[in-house]
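1. this one's structure only:
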């Protein structure tokens, strides 16, 4: 089992390396030239060449890549091409915001959706199950920006309970922060929970057809215990994978929700970076997003391995 | 005073989509007295499993109880509220399912599953239940009883799981045990071991039991009373002796006729020799194969060692042995699915590439594989016309109207109506699917068919019909068969030659009449003695034989040196059999036995089975199948 876990981690590292190559190549292919964007229309060919030389942009791509990779590994994310600020400082604040929001959403949505999924599986065909199934299907089908706009319309415009714009500042208290991010929080919980509820329900009901569940019924075990003790532990693998994918979405895929609520998160920073052709910034953000995916998927795999008694206890 | 358990005019029905009821069980009545074992016997579809679950007021989704009563201690359980029904299940009535491997939850320890019912129903505390479980493990002769409860189901063998299920059922001392085909999926040797344990425990616990099976020979060993079912109705019922010795109903007689005979010489039909040519169809020479890749010219896990087998034209070669002996691996090597590490396979005298990727289309066409489970081998989304038509087109280039005619011809050949071409596999019965499965292989016009346990999943009547069909196919098409089975009586009735595989080595091979007659290899002897006979008292008699006591208690173990059967052999020679490879002897032409004992010694041991030969002093008390290292 240890071998399998180590193998997963090694594969994860290789994936990260491949990702770094892809990120670097893709960003280099982006149209537009950093030097001319930074120096503006007043630039002469001489100043452009001087700028490129100073920033290593005249080197062959492969040298640029290894230089970038070496800096990245040692924690030096470089200097923003637009504005000259350290990328580390740009990202640090935004990453904190993103993690704060994602963490809160995860904390609420994961237990909530597993519980609701189990509830639906416990009473299949009843009104609880039907309304959950219908509700989650509807929410999955609707794009997240629509849910966000709709939430603004109801909660901010009609009822006036919450601010339409998310605001966070370092000096805010926790409760001010919580109120400030309530809108994106609600929207994101709704978006990610729907999928996880459905997966939990489907996973449990799939296992419910197994002979060992019939055996548990014939032993006189209550349905609640059958689901929680007999079925749930055989469903952990697929459930943690869906959870991991949804958590990764919370870090990288929330750009639309961040834009609507003007929330200063990492995804929005990356979009800004693309607009200003700020390659080092885009690269750093892309690596963080991919890294998050890889780490979460590895964690899901390891959790699935640990939950499998066959792998945990070899013969 | 009412009986312990009565089923009175029980009816169970399903419903069509439009709501019209389809009766499944049509008014069945029988009683079970305290301490009595009642057998429900019938073929698949007779409703016997459905009735057995109705004892706990349970029916599978889609079924319902429109009428009748199921009374436990005089009270009808069908009319109880769900809470009371639940308190009966696993408490007053306990159930043992057919496949223990599927019935144990893979994610929960054995101990928790065994004790769960007793603790949940409040009959025992967890402490008491644990102690009772350990006592039951002892009674069921399970290995390492003190620590067994902490293991997971995948860590014990199939036969052990089957006995553990008995422990699970018995832990809350139920008044009635329901056993649903508990030994059907097992090897003959494991079946005896499990039957013996069940019988002992039922007697010691004094509980009543309902034993569901299609195997009359098994019933004769365990039941006091027999209920014969057909299509949801009781055909005949009475005491075991009466039903076995003097069956009245024609259906019971049919069941009796389908009981597998004890394998012996002369049970098969003689084949006229005119078909055979000098060059064998398939010849396997000095073949070694295994799994896990090849290191230093040897597989990481060696399954087969130095195999030499010849299959003559239009001959049937039966390959027998317990599970884990390498039977399927042999077929996979011949088919090229598993390239051999050493040795060659010849087809019509021409060497075949080890890997099927390098074989020519013509060579692929000549060797066809038939899988055990027609359910999984046939594509559920393809109609029969496609399942059969595609290989016809692929191998023989026949298209359009001619292809349809070929499909019709094939269906007639396997005795199915031509209209079946427009059906999907799910619309066919188990036996019909197996016929399509055979026709699919025949569609390629092969020279040899590798049949892997094709009758093992079928009940006795259907299976004997499939064997009849195979004989007809061999006579009409001249195809050779490699017929893999753990069922010696089926092989004996159908094969021309038998190859006995044990732990990856051929221990005996030759014409059926020689293999199934003395002198036997000790392993062949064990297999033959393990086939249940249709008479009361056979089990007790057999278990008294010394060869059985040792042979049954242990399992297949693949060894690198010496004779692999050493640890189960009643006539093994210490210091020789465990160290040196057994020499191959030829008591008759083309009949080979690999054994250190001379033929005279083997025959002497058979004639004096109670005499302990020198060298047999190595039986260790805990030498159970658990000892096998994985």
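-> Perfect, thanks for sending it. Computed from a predicted structure; not experimentally measured.

2. okay, whatever residue of the stretch 451-600 of chain B ends up closest to chain A: pLDDT?
-> In the stretch 451-600 of chain B, the residue that lies nearest chain A is residue B:555 (13.9 Å; C-beta to the nearest C-beta). Every residue, glycine included, has its C-beta placed from N, CA and C. At residue B:555, the model reports a pLDDT of 73.

3. residue A:286 against residue A:25, yeah?
-> No - counting by C-beta atoms under 8 Å, residue A:286 sits too far from residue A:25 to count as a contact (11.4 Å).

4. can you pull out the helices in the stretch 101-250 of chain A?
-> For the stretch 101-250 of chain A, the helices identified by DSSP state H, counting those that start in this stretch occupy A:127-141, A:144-151, A:174-180, A:182-207, A:211-218, A:223-225, A:236-252, in order along the chain.

5. now do the stretch 501-630 of chain B
-> Along the stretch 501-630 of chain B, the stretches classed as helices by DSSP H, counting those that start in this stretch are B:512-515, B:522-530, B:538-544, B:546-553, B:599-607.

6. what helices and strands are in contact with the fourth one?
-> Spelled out, it's helix B:546-553. For helix B:546-553, the packing partners by 3 or more C-beta pairs under 8 Å, 6 or more residues apart in numbering or on different chains; DSSP states H and E come out as helix B:188-205, helix B:522-530, helix B:538-544.

7. buried stuff in the longest one?
-> I take that to be helix B:188-205. For helix B:188-205, burial by neighbour count (16 or more other C-beta atoms under 10 Å in any protein chain shown) applies to B:188-199, B:201-202, B:205.

8. I'd assumed residue B:234 was in a strand, is it?
-> Yes - counting by DSSP: H, G, I helix; E, B strand; the rest coil, residue B:234 is found in a strand.

9. where's the nearest residue to residue A:47 once chain neighbours are set aside relative to chain B, distance?
-> Of all residues beyond its chain neighbours, the one nearest residue A:47 is residue A:39 (5.9 Å), with distances taken as C-beta to C-beta, 6 or more residues apart in numbering or on different chains. Counting by C-beta to the nearest C-beta, to the nearest Å, the gap from residue A:39 to chain B is 60 Å.

10. count the neighbours of residue A:39 for me.
-> The number of residues packed around residue A:39, counting by other C-beta atoms under 10 Å in any protein chain shown, is 15.

11. list the contacts of it.
-> Residue A:39 makes contact with A:47-48, A:51 under the criterion C-beta atoms under 8 Å, 6 or more residues apart in numbering or on different chains.

12. residue A:286 and residue A:25: which is more packed in?
-> The residue with more neighbours, out of residue A:286 and residue A:25, is residue A:286; 20 against 11, by other C-beta under 10 Å.

13. what strand or helix carries that one?
-> When secondary structure is defined by DSSP states H and E, residue A:286 falls within helix A:279-307.

14. give the contact list for residue 227.
-> With no chain named, the answer covers chain A. Counting by C-beta under 8 Å, 6+ apart, residue A:227 touches A:118, A:121-122, A:204, A:208.

15. wrong one, I was asking about chain B
-> Contact analysis of residue B:227 by C-beta under 8 Å, 6+ apart lists B:30, B:38-41, B:234, B:237.

16. hmm, try it at 7 Å
-> Residue B:227 makes contact with B:30, B:38-40, B:234, B:237 under the criterion C-beta atoms under 7 Å, 6 or more residues apart in numbering or on different chains.

17. the closest residue to residue A:149 other than its chain neighbours and chain B: what is the separation?
-> Distance criterion C-beta to C-beta, 6+ apart; nearest residue to residue A:149, sequence neighbours excluded, is residue A:260 at 6.7 Å. Distance of residue A:260 to chain B, computed by C-beta to the nearest C-beta: 43 Å.

18. residue B:351 contacts residue B:344, doesn't it?
-> Yes - counting by C-beta atoms under 7 Å, residue B:344 is a contact partner of residue B:351 at 5.5 Å.

19. and those two? which has more neighbours close in?
-> Each of residue B:351 and residue B:344 has its neighbours counted (other C-beta under 10 Å); residue B:344 has more, 14 against 11.

20. three-state assignment of that one?
-> Assigned state for residue B:344: strand (three-state reduction, three-state DSSP).

21. what sits closest to it if chain neighbours are left out?
-> Setting aside the residues directly before and after it, residue B:344 is nearest to residue B:285 in space (C-beta to C-beta, 6+ apart), at 5.0 Å.

22. how many other residues sit next to the one you found?
-> Close neighbours of residue B:285, defined as other C-beta under 10 Å, add up to 16.

23. hang on, it in a strand?
-> Yes - per three-state DSSP, residue B:285 lies within a strand segment.

24. surely it and residue B:349 touch.
-> No - with the criterion set as C-beta under 7 Å, residue B:285 and residue B:349 do not qualify as a contacting pair; they are 11.7 Å apart.

25. return the residues in contact with whichever residue of the stretch 1-150 of chain A sits closest to chain B.
-> Across the stretch 1-150 of chain A, the shortest distance to chain B (C-beta to the nearest C-beta) belongs to residue A:124, at 10.6 Å. By C-beta under 7 Å, 6+ apart, the contact set of residue A:124 is residue A:205.
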